[in-house]
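A.B. asks: Using only what follows, build the 3D model:
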Amino acid sequence: MNDLTASTPAQRQAQYDAALATLRTRMAWAVAGGGAQLHARHRERGKIAVRERIELLLDPGSPFLELSPLACWGLHDGEVPAAGIVTGIGRVAGVHCMLIANDATVKGGSFFPETTRKHVRAQEIAWENRLPCLYLVDCGGAFLPQQDRVFPDWGHFGTTFYQQCRMSADGLPQLSAVFGGCTAGGAYIPALSDESIMVEGTGRIHLGGPPIVKAAIAEVVDGETLGGAAMHARVSGVTDYLAADEPQALQRLRQIVGALNWQTQASATRQPVRAPLHDAAEIPALVGTDLRRPYDVRELLRRLLDASEFQEFKPEYGPTLVCASAHLHGYPVGILANNGVLFSESSLKGAHFIELCNQRRMPLLFLQNITGFMVGTEAERGGIAKHSAKLVYAMATARVPRLTLIVGGSYGAGNYGMCGRGFAPRFLFAWPNSRIATMSPDVASTVLTELRRASLKGPADEEQIERLEQDTRRQFEEQSDPYYATARLWDDGIIEPAQTRDVLGMCLQLIDESTPRFAGPSPVYRM
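C.D. replies: Next up, the predicted model:
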């Protein structure tokens, strides 16, 4: 099929089905962790797989919103699935909690650069949404061959401890259960926790393991004597509870959460949940995978919002940005959705609408499918630079929480105006058809080849120009791929269109429960 812009709904569905098949295959890679052999060794030691631990910890039937499961895709020779750590949100003893769980089948649970970034990001989300943090620790510390990218800087291993301390001081419980070895920096996760549990026989905590002790002070000691669970429960007092096995440790953790006296106060007037009148299964055939083909974003909204209803603001003005008030899973939300390039009129409309949402304390949802702001002589003479800046300013200083979903392209300053990652939305998810870059491969290759031609004093070497065009296109196609982005934690995960309504509904519930405190962003430093 050469002309994708002329594709039929059935063809667009087939194209999107292929994209979903790719996503599901790569998700299987993430869930597999270190593979069958290492999982078998893990079980031989009396240990439970990381996602099974999470399942045992959560309330029965509770959904688990996993974050950035495809971190490290295509990096480190494919040997670090999910960055060796599982993070996500679920209910424990009736309380929404952030779970941060090491996967010891992946390089012994060691911290790679993406592992620390994923850990820090989970803490950021917990802090902003007032969630207790539960650490399921099975951690070998920093991955030493990459210590320069894990240890010294802000956003590295030390930042996880800094934020753990700050969150505890801010009244957010920090609880841990230790299932394996916690060496060096890994020892501080349970040591800094408000309460900790260790599993007898497998859980260990030591600032320096037996090899380090031997090298440093010539003392020969086994790991259990040095830092075993029984010693820390009965002698050092480093841990608060001793568990006979992992299920008992997880049950104890549930009991601790149940005794937190944790209270949430919903502030929004939640309406009864009403399913959309149009099926979300129709979204792939609507949007397709070819970002050059336009569609009416209102049709997308009708497949996400309660009863497919929304009240559009200024529908006759600035039509390339749809601004609307609606309910999603019963929660009120203000929506800004791209329906074409952003002109001055649409930028001004968006800024005005954000102020209305501030006044009415309605969270903002940005649906990104944007090539950028309008360019050209007429646009510049019309003040596009100033008007686009007004939208950026209104979005960046919004007094209500913001969510972002990339449903198509996210290019250039359009990414900024529509609350890209650099503007710290509470959550940012992407669809498998999405793309993110300074500009599209077509535009980038044209810009760079024209610049090269303009820089030449003599006749252009057309073969060299052709190579530049191909190299540029290849680079931008690779780097704008959604898996390139999610591997580097530029989003909180790639989700399927059919999952979107429930994912956004859970995010809005978390926001609503933290609303009494959301007068502004939490004191979390963004990487």
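A.B. asks: So what's the predicted local confidence for the nearest residue to residue 80 once chain neighbours are set aside?
C.D. replies: Excluding the flanking residues, the one nearest residue 80 by C-beta to C-beta, 6 or more residues apart in numbering is residue 72, at 4.4 Å. Where you see a C-beta, it was placed from the backbone N, CA and C, and this is true even at glycine. Looking at residue 72, its pLDDT stands at 98.
A.B. asks: Quick one: neighbours of residue 72, just the number.
C.D. replies: Counted with other C-beta atoms under 10 Å, residues neighbouring residue 72 total 27.
A.B. asks: again with residue 64
C.D. replies: By other C-beta under 10 Å, neighbour count at residue 64 equals 16.
A.B. asks: Give me the phi and psi angles of it.
C.D. replies: phi -120, psi 120 (degrees, to the nearest 10).
A.B. asks: packing partners for the one helix or strand in the chain whose mean pLDDT sits lowest?
C.D. replies: Each helix and strand of the chain was given a mean pLDDT (mean pLDDT, DSSP states H and E); the minimum falls on helix 441-455 at a mean of 82. Judged by 3 or more C-beta pairs under 8 Å, 6 or more residues apart in numbering; DSSP states H and E, the packing partners of helix 441-455 are helix 462-479.
A.B. asks: Kindly format the C-alpha coordinates of the helix it packs on as PDB.
C.D. replies: C-alpha atoms of helix 462-479 as PDB (Å, rounded to 0.1, in the frame of the first residue of the first chain):
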ATOM      1  CA  GLU A 462      24.200  16.000  -5.500                       C
ATOM      2  CA  GLU A 463      25.500  12.600  -4.300                       C
ATOM      3  CA  GLN A 464      26.600  14.200  -1.000                       C
ATOM      4  CA  ILE A 465      23.300  16.000  -0.700                       C
ATOM      5  CA  GLU A 466      21.500  12.800  -1.200                       C
ATOM      6  CA  ARG A 467      23.500  11.000   1.400                       C
ATOM      7  CA  LEU A 468      22.800  13.800   3.900                       C
ATOM      8  CA  GLU A 469      19.100  13.600   3.100                       C
ATOM      9  CA  GLN A 470      19.100   9.800   3.700                       C
ATOM     10  CA  ASP A 471      21.200  10.000   6.900                       C
ATOM     11  CA  THR A 472      19.000  12.700   8.300                       C
ATOM     12  CA  ARG A 473      15.800  10.900   7.500                       C
ATOM     13  CA  ARG A 474      17.200   7.700   9.000                       C
ATOM     14  CA  GLN A 475      18.200   9.500  12.200                       C
ATOM     15  CA  PHE A 476      14.900  11.300  12.700                       C
ATOM     16  CA  GLU A 477      12.900   8.200  12.000                       C
ATOM     17  CA  GLU A 478      14.900   6.200  14.500                       C
ATOM     18  CA  GLN A 479      14.900   8.900  17.200                       C
END
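A.B. asks: other SSEs contacting that helix?
C.D. replies: Using 3+ C-beta pairs under 8 Å, 6+ apart, the elements in contact with helix 462-479 are helix 441-455.
A.B. asks: Need the contact partners of the helix it packs on.
C.D. replies: Contacts to helix 441-455, defined as C-beta atoms under 8 Å, 6 or more residues apart in numbering, come from residues 411, 437-439, 460, 464-465, 468-470, 472-473, 475-477, 480.
A.B. asks: how about the residue nearest to residue 80, secondary structure?
C.D. replies: Following DSSP: H, G, I helix; E, B strand; the rest coil, we place residue 72 in the coil state.
A.B. asks: still on that earlier bit, what comes up buried for the least confident helix or strand of the chain?
C.D. replies: For helix 441-455, the neighbour count (16 or more other C-beta atoms under 10 Å) marks 441, 443-445, 448-449, 452 as buried.
A.B. asks: Can you name the two of these that sit furthest apart?
C.D. replies: 441 and 452 (16.4 Å; C-beta to C-beta).
A.B. asks: just to revisit the earlier point, the residue nearest to residue 80 touches residue 103, doesn't it?
C.D. replies: No. At 11.4 Å, residue 72 does not count as touching residue 103 under the criterion of C-beta atoms under 8 Å.
A.B. asks: What mean pLDDT does the helix or strand hosting residue 176 get?
C.D. replies: Secondary-structure assignment from DSSP states H and E places residue 176 in strand 174-183. Strand 174-183 comes out with an average pLDDT of 94.
A.B. asks: buried residues in the longest helix seen in the chain?
C.D. replies: Using DSSP state H to define each element, the chain has its longest helix at helix 9-32. Buried residues in helix 9-32, counted by 16+ other C-beta under 10 Å: 12-16, 19-20, 23, 26-27, 29-30.
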